[in-house]
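Enquirer: sequence unknown, structure follows:
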Ligand SMILES: [Zn+2]
């Protein structure tokens, strides 16, 4: 499976993947999914929102067990983020058939469309639409960098956009969704485990900081006469790092805009975007208010006007405790170990997080030895990938076959 998936949407220059929604690479991924499903005698359908489903058993029977992930990528993404969950799903089905498993619940493997949001700027479009967390009207407003709208892109790729929107009937037929994903951090590497279970997706948000000062000549303005917003911005970046360390959170200024943006001009305005995430709301509040308080103190000292605007916010996603405990029991039972499968939180968003409000949802993580993700350097060892497949097979067997 990896061999046939490898060339699709791969950039020779970077070695990374450019599999964006409703492009040729995306169509090739979808064809790959269809061929894998048909080779296993599964019934393939594409739902109204462009998500692909491969069914074993009757989709209308209800209480289905669903696994899978996504095949699209960020710009120059790695091979594993998304595809590992889909490849492992097919491999786990092969494993269960080799074990002679008898299915008592319908099983589906899913490929969610447009998870990364690389083209239209919004992540998890396929699952958001299905769960009713993105309306048809909102989706119709999405545009890519060339001004092509989402419905135009869908149409060009042969998908009718007229029916996109919430799909409660489909979700009502699903009893459990389990997404396997490469870990996007080093928790498993540090704990020495190949596979872990997700506890929650951290609450996270984006804040825009506008530092307004006074543009002036870089050569003739005395230091004491300056109102330089770049200084306040720089102090705020360092404060973010300190506050994040204190709160056990992460905080990043990764994007900046400067006016007038001239080498020989003191800036009039520095605009920086803060991305902050933490394990719980309390820690997130602490880091965000701490950074803003420090920024305001620095701004006062330098005569800078500071405006802070929260641009987006996603509260904590707490996965189903019942399903997680069930998975923990199934995995412990199989290995015969008394030791528990590690349970870890994550700072990254997933389709599973979107769906967890609608259906019981769980996630399995596979060790990533460097923690690097969203990069061509993203990696998981073959032994760990196999351990992930076997864990997924054990879980699916426990849920769907007994
Ligand atoms: Zn992913």
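Expert: Alright, I've got the coordinates. Predicted model, so just to flag it, every value in this text is computed and none were measured.
Enquirer: Beyond the lowest-mean-pLDDT helix or strand in the chain, next helix or strand please.
Expert: The helix or strand of the chain with the lowest confidence, counting by mean pLDDT, DSSP states H and E, is helix 321-335 at a mean of 88. Of the helices and strands lying after helix 321-335 in sequence (DSSP states H and E), the nearest is strand 343-346.
Enquirer: who's in contact with that next one?
Expert: With contact meaning CB atoms under 8 Å, 6 or more residues apart in numbering, strand 343-346 is reached by 183-185, 187-188, 196-202, 279, 324, 328, 363, 365. For every residue, glycine as well, the C-beta is placed using N, CA and C.
Enquirer: looking only at pLDDT, what's the mean for stretch 24-35?
Expert: Computed over stretch 24-35, the mean pLDDT rounds to 98.
Enquirer: Show me how far it is from its chain's centre.
Expert: With CA atoms, centre = their mean, to the nearest Å as the basis, stretch 24-35 stands 20 Å off its chain's centre.
Enquirer: Give me the buried positions along that stretch.
Expert: 25, 26, 28, 29, 30, 32, 33, 34 (16 or more other CB atoms under 10 Å).
Enquirer: what residues does it touch?
Expert: Contacting residues not belonging to stretch 24-35 are listed as 4-5, 8-9, 17-20, 44, 46, 52, 54, 71-72, 86, 111, 113, 157 [CB under 8 Å, 6+ apart].
Enquirer: helix/strand/coil for the residue nearest to residue 312 when sequence neighbours are not counted?
Expert: Once flanking residues are discounted, residue 312 sits nearest to residue 206: 4.8 Å by CB to CB, 6 or more residues apart in numbering. Under DSSP: H, G, I helix; E, B strand; the rest coil, residue 206 falls in the strand class.
Enquirer: my guess is residue 206 meets residue 277, correct?
Expert: No - when contacts are counted by CB atoms under 8 Å, residue 206 is not listed as touching residue 277 (10.2 Å).
Enquirer: neighbour count winner among the two?
Expert: Between residue 206 and residue 277, counting by other CB atoms under 10 Å, residue 277 is the more crowded of the two (23 against 16).
Enquirer: Now the phi/psi pair for that one, please.
Expert: The phi and psi values for residue 277, taken as degrees, to the nearest 10, are phi -140, psi 150.
Enquirer: check contacts around it.
Expert: By CB under 8 Å, 6+ apart, the residues touching residue 277 are 202, 203, 204, 205, 249, 250, 251, 284, 347.
Enquirer: Which of the residues you listed sits closest to the ion?
Expert: Nearest to the ion, judged by CB to the ion, of these is residue 347 at 12.7 Å.
Enquirer: What count of nearby residues applies to that closest one?
Expert: Counted with other CB under 10 Å, residue 347 comes out at 17.
Enquirer: do the one 10 residues further on as well
Expert: Around residue 357 sit 11 other residues, with neighbours defined as other CB under 10 Å.
Enquirer: right, and it touches residue 131 too?
Expert: Yes - counting by CB under 8 Å, residue 357 touches residue 131, with 6.8 Å between them.
Enquirer: Take the contacts of strand 343-346 and keep only those in helices.
Expert: 187, 188, 324, 328 (DSSP state H).
Enquirer: Pick the one among those residues closest to residue 211.
Expert: Within the ones in helices among the contacts of strand 343-346, proximity to residue 211 (CB to CB) peaks at residue 187, which comes in at 35.1 Å.
Enquirer: Now do the contacts for the closest one.
Expert: Counting by CB under 8 Å, 6+ apart, residue 187 touches 196, 342, 344.
Enquirer: doesn't residue 360 make contact with residue 322?
Expert: Yes - between residue 322 and residue 360 there is a contact under CB under 8 Å: 6.6 Å.
Enquirer: Of the two, which one has the most company?
Expert: Applying other CB under 10 Å to residue 322 and residue 360 shows that residue 360 carries more neighbours, namely 18 against 11.
Enquirer: Enumerate every residue touching that one.
Expert: Contact analysis of residue 360 by CB under 8 Å, 6+ apart lists 175, 176, 177, 320, 322, 323.
Enquirer: Repeat the analysis, applying 6 Å as the threshold.
Expert: Neighbouring residues of residue 360 by CB atoms under 6 Å, 6 or more residues apart in numbering: 176, 320, 323.
Enquirer: now residue 50: how far from residue 211?
Expert: Applying CB to CB, to the nearest Å, the value for residue 50 to residue 211 is 41 Å.
Enquirer: ok, the two, which is more surrounded?
Expert: Neighbours were counted for residue 50 and for residue 211 using other CB under 10 Å; residue 211 has more, 30 against 25.
Enquirer: residue in the stretch 201-350 of the chain nearest to the ion?
Expert: Closest contact between the stretch 201-350 of the chain and the ion, by CB to the ion, is at residue 350 (5.9 Å).
Enquirer: Write out the residues of this structure neighbouring the ion.
Expert: Within the chain, the positions near the ion by CB under 5 Å from the ion are 81, 82.
Enquirer: okay, and for the chain, where does confidence drop off?
Expert: When residues are selected by pLDDT under 70, those of the chain lie in 334-339.
Enquirer: how does it divide up, domain by domain?
Expert: As given by automatic domain parsing, the domain ranges for the chain are 2-202+316-400, 204-314.
Enquirer: Provide a list of residues in contact with residue 354.
Expert: 124, 127, 128, 131.
Enquirer: With respect to residue 299, which of those residues is nearest?
Expert: residue 124 (35.7 Å).
Enquirer: Backbone dihedrals for the closest one, both of them.
Expert: Per-residue torsions, residue 124: phi 60, psi 40 (degrees, to the nearest 10).
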